[in-house]
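# can't give you the sequence, but here's the structure:
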């Protein structure tokens, strides 16, 4: 497995993987905003007026991120399989 990982670093990074990183950064930003808009602990008694737009966008972006993660997992597994076959 470590050989495959080392070889993966030598492979041209597919655009799918590059997009995943940017999308993950955007989701982290939205999650940070959500954290700022919610109480710090479960015992907090204050009522939080979570902006529906923020919640909706975060849900959409998390769904897209999940889809991109699946795409990337497929690409990485295909690359790993190709490298393993080339070594055999």
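Ah, there it is. None of the values given here were measured: they were computed from a predicted structure. Numbering: from 1, shown residues only.

# in the protein, where is pLDDT below threshold?
In the prediction, the chain carries residues with pLDDT under 70 at positions 1-13, 38-50.

# spatially central residue for it, please.
With distances taken as Cα atoms, centre = their mean, the chain has residue 24 as the residue nearest its mean C-alpha position (4.3 Å).

# show me where this structure has helices.
Listed from the start of the chain, the chain has helices (DSSP state H) covering 2-8, 15-37, 52-87.

# let me see the contact set for the nearest residue to residue 30 once chain neighbours are set aside.
If you skip the residues right next to it in sequence, residue 30 has residue 58 as its closest partner in space, 4.5 Å away by Cβ to Cβ, 6 or more residues apart in numbering. Backbone N, C-alpha and C define where each C-beta goes, glycine included. By Cβ atoms under 8 Å, 6 or more residues apart in numbering, the residues touching residue 58 are 27, 30, 31, 34.

# just these now: which is nearest residue 87?
Checking those against residue 87 with Cβ to Cβ, the nearest one is residue 27 at 35.5 Å.

# can you pull the contacts of that closest one?
Residue 27 makes contact with 58, 61, 62, 65, according to Cβ under 8 Å, 6+ apart.

# okay, those in a markdown table with distance to residue 74 next?
Formatted as a markdown table, the entries for these read as follows, by distance: Cβ to Cβ, whole Å:
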| residue | distance to residue 74 |
| --- | --- |
| 58 | 25 |
| 61 | 20 |
| 62 | 19 |
| 65 | 15 |
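
# buried ones among the residues you listed?
Buried subset of these (neighbour count, 16 or more other Cβ atoms under 10 Å): 58, 61, 65.

# which of the residues you listed sits closest to residue 14?
For those, the closest approach to residue 14 (Cβ to Cβ) belongs to residue 65, at 16.8 Å.

# so the closest one makes contact with residue 23?
Yes: here residue 65 reaches residue 23: they are 5.3 Å apart, a contact under Cβ atoms under 8 Å.

# circling back: now list the buried members of the contacts of residue 58.
Buried residues within those, defined by neighbour count using 16+ other Cβ under 10 Å: 27, 30, 34.

# and these, which is closest to residue 75?
Ranking the buried ones among the contacts of residue 58 by separation from residue 75, with Cβ to Cβ as the measure, puts residue 27 on top at 19.3 Å.

# that concludes my questions; thank you for your assistance.
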